[in-house]
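# all I have is the shape, not the residue letters:
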């Protein structure tokens, strides 16, 4: 059973507009959430994270929102640029999550296409 | 952040053989992790490698199949043993913690 779900396999957005990528999780033991961007033939690149004690974290064009009651988080990219076209992975982890403290639980990813 | 390199970047291997993947980091790190991404699937942690101790394997992964070495604080290897086509995946090493982790470029393995 998937504990981290990204229900949209793909998303297409016009350059300059907002991209919203969504992620849902099921395990309330998670207390950290991370977003990664992955280009073909490269490893995932860390983008931004958020602790469960916050509901928003912002870094430049990237903002992550966390709704703990809904077990939902989203990544907003404003404005979207063609170079943002990549696969975006949501991951969850926790200090007290069972197993290794480094265990990131990943979703399957959403492929974002930003059109000029 | 850390700069992580992996060798080889890709390989095609015959079933029944073994492949050793190397991971090199540009700074000393305590924990190194090995992940697998099977086609169409998400990344899954195989094991955690700490220097000077046995690797810790996640459920579903065993040392006989995926032996790991961690001889120092900047280097680790993962061996995929007695390969079958089901082992065709991207294998990635990473460093960091549960709140921030950095990945290498990955090794794309195809088993025929």
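Happy to help now that I have it. What you see is a predicted model, and the numbers here were worked out from it, not measured in a lab. Residues are numbered from 1 along each chain as shown, chains lettered A, B, ... in the order given.
# do a quick rundown of the strands in chain B.
All strands of chain B, identified by DSSP state E, fall at B:4-7, B:10-13, B:19-25, B:31-37, B:43-50, B:56-57, B:68-72, B:75-80, B:89-97, B:100-103, B:107-111.
# who does the second one pair up with?
Applying DSSP bridges to the sheet, strand B:10-13 is found paired with strand B:107-111 (parallel).
# distance of the residue at minimal distance from the centre of chain B relative to residue A:4?
Centroid check for chain B by Cα atoms, centre = their mean gives residue B:34 as the closest residue, at 3.5 Å. Relative to residue A:4, residue B:34 is positioned 19 Å away (Cβ to Cβ, to the nearest Å). Yep, even glycine has a C-beta here, placed from its N, CA and C like the rest.
# next: residue B:112.
32 Å.
# among these two, which residue is more densely surrounded?
Using other Cβ atoms under 10 Å in any protein chain shown, the more surrounded residue of residue B:112 and residue A:4 is residue A:4, with 24 against 9.
# torsion angles phi and psi at the more buried one?
Torsion angles at residue A:4 (phi, psi; degrees, to the nearest 10) stand at phi -130, psi 120.
# how near is it to residue A:24?
Distance from residue A:4 to residue A:24, by Cβ to Cβ: 8 Å.
# show me what from chain B comes close to chain A.
Within reach of chain A by Cβ under 8 Å from any Cβ of the partner chain, chain B has these residues: B:1, B:4, B:31, B:33, B:40-45, B:48, B:56, B:58-59, B:92, B:94, B:96-106, B:108.
# mind listing what the residue nearest to residue A:10 when sequence neighbours are not counted touches?
Using Cβ to Cβ, 6 or more residues apart in numbering or on different chains and skipping the chain neighbours, the partner closest in space to residue A:10 is residue A:111 (4.5 Å). Residue A:111 makes contacts with A:9-11, A:86-88, as judged by Cβ atoms under 8 Å, 6 or more residues apart in numbering or on different chains.
# return the members of these classed as buried.
A:11, A:86-88 (16 or more other Cβ atoms under 10 Å in any protein chain shown).
# would you mind measuring from the residue lying closest to residue A:39 once chain neighbours are set aside to chain B?
Distance criterion Cβ to Cβ, 6+ apart; nearest residue to residue A:39, sequence neighbours excluded, is residue A:86 at 5.2 Å. Residue A:86 sits 14 Å away from chain B, taking Cβ to the nearest Cβ, to the nearest Å as the criterion.
# isn't residue A:86 right up against residue A:36?
No. Using Cβ atoms under 8 Å, residue A:86 is not in contact with residue A:36; the gap is 9.4 Å.
# for residue 4, give the beta-bridge partners.
As the question left the chain open, I've gone with chain A. Beta-bridge partners of residue A:4, as defined by DSSP bridges: residue A:25.
# sorry, should have said chain B
Beta bridges link residue B:4 to residue B:25 when assigned by DSSP bridges.
# rewinding a little: only whichever of the residues of chain B next to chain A are buried, select them in ChimeraX.
Remark: buried members of those, expressed as a ChimeraX selection using 16+ other Cβ under 10 Å:
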select /B:4,31,33,42,43,44,45,48,56,58,92,94,96,97,98,99,101,102,103,104,105,106,108
